[in-house]
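Student: I'd like to go over a predicted model; first the sequence, then the structure.
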Amino acid sequence: MGASYEVRGQVAVITLNNPPVNGLGHATRKAVAEGVEQAENDAAIKAIVITGAGRAFSGGADIREFGSPKALAEPNLGSLINRVESCAKPVVAAIHSVAMGGGLELALGCHYRVTAPGAKIALPEVKLGLLPGAGGTQRLPRALGVEPALNMIVSGEPVNSELLAQVPGQVLFQKVIDGDLLDGAVSYALEIADKRPLPRVRDLKAQHPEAQAFFQFARNTVGALSKNFPAPLQCVETVANAVTMKFEDGMRAEREAFGLLMLTPESKALRHAFFAERAASKIPDVPEDTPLRKIEKVAIIGAGTMGGGIAMNFLNAGIPVVILEMKQEALDRGLATIRKNYEAQVKKGKLKEDKYVQRMSLLHSTLNYADIGDADLVIEAVFEDIGVKEQVFKQLDEVMKPGAILASNTSTLDVDKIASFTKRPQDVIGTHFFSPANVMKLLEVVRGAATAKDVLATVMALGKKIRKTCVVSGVCDGFIGNRMIEQYSRQAGFLLEEGCTPQQVDKAAERFGFAMGPFRMGDLAGNDVGWYIRKRRYLEKPDLRYSKTADLLCEMGRFGQKTGAGWYDYQAGKRDAIPSKTVVEMIEMHRAALGIAPRKISDEEIVQRLVFALVNEGAKILEEGIALRASDIDMVYLTGYGFPLWRGGPMCYADTVGLYNVVQAMKRFAKNPHDDGKFWEPAPLLARLADQDKSFNE
């Protein structure tokens, strides 16, 4: 469709029509330009209104055309805005619901703007590592004022239209229309139809009483907050141009800056993450119109840290929850923790008291399986042991109503085996939440061999409702995230044996951009968790080599923050990791026992061994079909494991470095006698792609 044209008396109405958010794709741009032409040539028309059909004025560029020739085909967005701005008849933008990015830039090119209240107004390009490239940095400061415009452009956050209409001296909106927007816009267009000259935002002056001091302050503040992202500082510079340069010169500088940012690895990584998040919800053999099962009540087995955290997700979304425990004191403890979490939010002003009361009223508890039989979904969050899971799922099979979804929060165990404990394997699925479950964005959805398509589709939709980023994984030991992190942790252990301290490894990983290094992460999660898994590994995979340092640490009872001692020492009530002499002595004694002379290891080697271990295992996961696409693996690491966003995830980072270079580094590591040479054989997929000069995310 693109856009429609209709005449209302003496006013032409051009309506953008490109669902879902009227993205400014080529067909839409062309149709709007033609509509303006037609109205200009019609003597009976005195004014033009541009608005959007459905749920938006316009959400900006059409993401389906991103990076394709269509995105730049004429009329490109800049040409369209010039066409509107130079129209001989007044053009009024009638904004409702959403005007973002190119949509707002198009409105700024119109002579007048009217808005419905509650419209979300934003220039969010900075979130993709870019800046507004069709005049946003030059027109918004002129229309709204320099300070509020800079805040919007640097943050990328939406602001409600009626708030912007109250900014002193603004000419962004001439009118807020409460009733029918189009009727109001047409009346307003007739009111101003004969006014000349036509006002253009570009002719206004962008002014600030203390411009130099203000922009210096902005540079300092923004620079400190965005040190790994070049776009926010570049936004400050281009907005400063609006004050110091002529409009045309400012536009030229904006286009140049936009072009340079497009080429930065940071912007490529952010754009990759943006598309990866959308791709993750698409499952090739599960059609988007698959009928979903109704989820109106959720049951959770286990009131521990995970069970309580999982419950909060559903309570926050207004879904009733019943928690089951075996003992009253465990139940009381779990409910008290949920209450405490909510009360802390109320205290910080993040949650209103009435919302807290409402959420708690949706929460029920029981010690009896018979009380949960009517739930539509049950999630098991008990101890990570197959025997314990078997008891739970046999009980659930007895009590749950037909058609209920039976989910396990297992982080490593075989979902197919868990499904086999029931007579309804088609209703069984893995929902691996990450701790703390009420905070972490990632939900690994594990599809068993027998999992029904409607069960998978229902859980994916529910994940979205509780604001999780859902990634589908096939069944294997550890699924996507934990299977890869095991190789990362093994490398961290070998690095200790060869000469590093825990602090040195963590510092290198954190400088690379990880939220925390492997040893601080172990202390936070609990080192006993890994110990338990390794004991299972020693029986199942006796030829898989680990550094013994982590076992020695656990034998000393140093399980991490919860015991006040792990790889680091901790003071009561504090989270600060203090380097431990005891741990360093233990590592040195173990190193001596192995007869290894310590060597100096560079940060570069530390980071490459940790990250390329993830990449090699990721390539195997991809080849085995455990992950649907490389970008799904990146999403797991960006949202669940603290991988730096500006590097786009491990597979995206490997693409950036070049797979040929990754393979060369792996060949070097394979020659190290103290490492696991066999592991460093490049996965067949990685070797093949490197050979063909291709990348994971092509």
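Tutor: Looks like it arrived, so ask away. Residues are numbered from 1 along each chain as shown.
Student: Quick one: the strands in the stretch 351-500 of the chain, in order.
Tutor: 363-366, 377-380, 405-408, 428-433, 442-446, 469-473 (DSSP state E, counting those that start in this stretch).
Student: With distance to S695, mean neighbour count and mean pLDDT added, can I get these in TSV?
Tutor: Every residue, glycine included, has its C-beta placed from N, CA and C. Below are those laid out as TSV (distance: least, CB to CB, whole Å; neighbours: other CB atoms under 10 Å; pLDDT from 0 to 100):
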stretch	distance to S695	mean neighbour count	mean pLDDT
strand 363-366	47	16	97
strand 377-380	37	26	98
strand 405-408	35	27	98
strand 428-433	28	26	98
strand 442-446	24	26	97
strand 469-473	20	25	98
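Student: Of all these, which one comes closest to S420?
Tutor: strand 428-433 (8.8 Å; CB to CB).
Student: tell me the angle of the closest one relative to strand 442-446?
Tutor: Counting by axes from the mean of the first three to the mean of the last three CA atoms, to 10 degrees, strand 428-433 lies at 160 degrees to strand 442-446.
Student: tell me the angle strand 428-433 makes with strand 469-473.
Tutor: Using the same axes, to 10 degrees: strand 428-433 against strand 469-473 is 130 degrees.
Student: Can you tell me the strand partners of strand 428-433 and which way each runs?
Tutor: Take DSSP bridges as the rule and strand 428-433 pairs in its sheet with strand 405-408 (parallel), strand 442-446 (antiparallel).
Student: In JSON lines, list those strands along with distance to D576.
Tutor: Putting those into JSON lines (distance: least, CB to CB, whole Å) gives the following:
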{"stretch": "strand 405-408", "distance to D576": "36"}
{"stretch": "strand 442-446", "distance to D576": "26"}
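Student: and Q571, which of these is closest to it?
Tutor: It's strand 442-446; of the strands paired with strand 428-433, that one is closest to Q571 (CB to CB) at 30.7 Å.
Student: Please save the CA atoms from that closest one in PDB.
Tutor: Extracted in PDB, the C-alpha atoms of strand 442-446 (Å, rounded to 0.1, in the frame of the first residue of the first chain):
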ATOM      1  CA  LEU A 442      17.100 -14.500  29.300                       C
ATOM      2  CA  LEU A 443      14.800 -17.500  29.200                       C
ATOM      3  CA  GLU A 444      16.200 -20.600  27.500                       C
ATOM      4  CA  VAL A 445      13.200 -22.600  26.100                       C
ATOM      5  CA  VAL A 446      14.300 -26.200  25.700                       C
END
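Student: Please report how far V176 lies from A94.
Tutor: 12 Å (CB to CB, to the nearest Å).
Student: do V529 as well
Tutor: Taking CB to CB, one finds V529 at 57 Å from A94.
Student: Comparing the two, which residue is more hemmed in?
Tutor: Neighbours were counted for V529 and for A94 using other CB atoms under 10 Å; A94 has more, 28 against 17.
Student: now the end-to-end length of stretch 158-178.
Tutor: 20 Å (CA to CA, to the nearest Å).
Student: Tell me the first helix or strand C-terminal of the one helix or strand S187 maps to.
Tutor: Per DSSP states H and E, S187 falls inside helix 181-191. Remark: after helix 181-191, the chain's next helix or strand is helix 211-225, criterion DSSP H and E.
Student: what's that next one in contact with?
Tutor: For helix 211-225, contacts defined as CB atoms under 8 Å, 6 or more residues apart in numbering pick out 146-147, 150, 154, 208, 232-233, 235-236, 239-240, 243-244.
Student: for these, which one is nearest M484?
Tutor: Once CB to CB is applied, the member of those that ends up nearest M484 is P232, at 31.0 Å.
Student: Neighbours of the closest residue to the closest one other than its chain neighbours, how many?
Tutor: Nearest residue to P232, sequence neighbours excluded (CB to CB, 6 or more residues apart in numbering): S226, at 4.0 Å. The number of residues packed near S226 is 19, by other CB under 10 Å.
Student: I figured K401 hits A370, correct?
Tutor: No - K401 is not in contact with A370 according to CB atoms under 8 Å; the separation is 11.9 Å.
Student: follow-up on the earlier one: now for V176 and A94: what residues contact both?
Tutor: 114-115.
Student: The strands of the stretch 351-500 of the chain: which one's closest to R339?
Tutor: strand 363-366 (9.2 Å).
Student: Can you list the strands that the closest one pairs with?
Tutor: Counting by DSSP bridges, strand 363-366 is paired with strand 321-324 (parallel).
Student: For the strand it pairs with, the averaged confidence score.
Tutor: Strand 321-324 carries an average pLDDT of 98.
Student: going on from it, what's the next piece of helix or strand?
Tutor: Next element after strand 321-324 (DSSP H and E): helix 328-347.
Student: pLDDT score for the residue nearest to P232?
Tutor: So, for S226, pLDDT stands at 91.
Student: Could you list the residues in contact with the host helix or strand of L106?
Tutor: Counting by DSSP H and E, the element that carries L106 is helix 102-109. Under the contact criterion CB under 8 Å, 6+ apart, helix 102-109 has outside partners 22, 24, 32, 50, 52, 56-61, 77, 80-82, 84-85, 93, 95, 99, 113, 121-123, 132, 134-136, 139-140, 143, 172, 201.
Student: pull the CA atoms of that helix into CSV?
Tutor: Taking C-alpha atoms only, helix 102-109 is exported to CSV below (Å, rounded to 0.1, in the frame of the first residue of the first chain):
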residue,chain,number,x,y,z
GLY,A,102,12.6,9.0,10.7
GLY,A,103,8.9,9.4,11.6
LEU,A,104,9.7,12.3,13.9
GLU,A,105,12.2,13.7,11.4
LEU,A,106,9.5,13.7,8.7
ALA,A,107,7.1,15.5,11.1
LEU,A,108,9.9,18.1,11.7
GLY,A,109,10.0,18.7,8.0
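Student: Next secondary structure element downstream of it?
Tutor: Counting by DSSP H and E, what follows helix 102-109 is strand 112-115.
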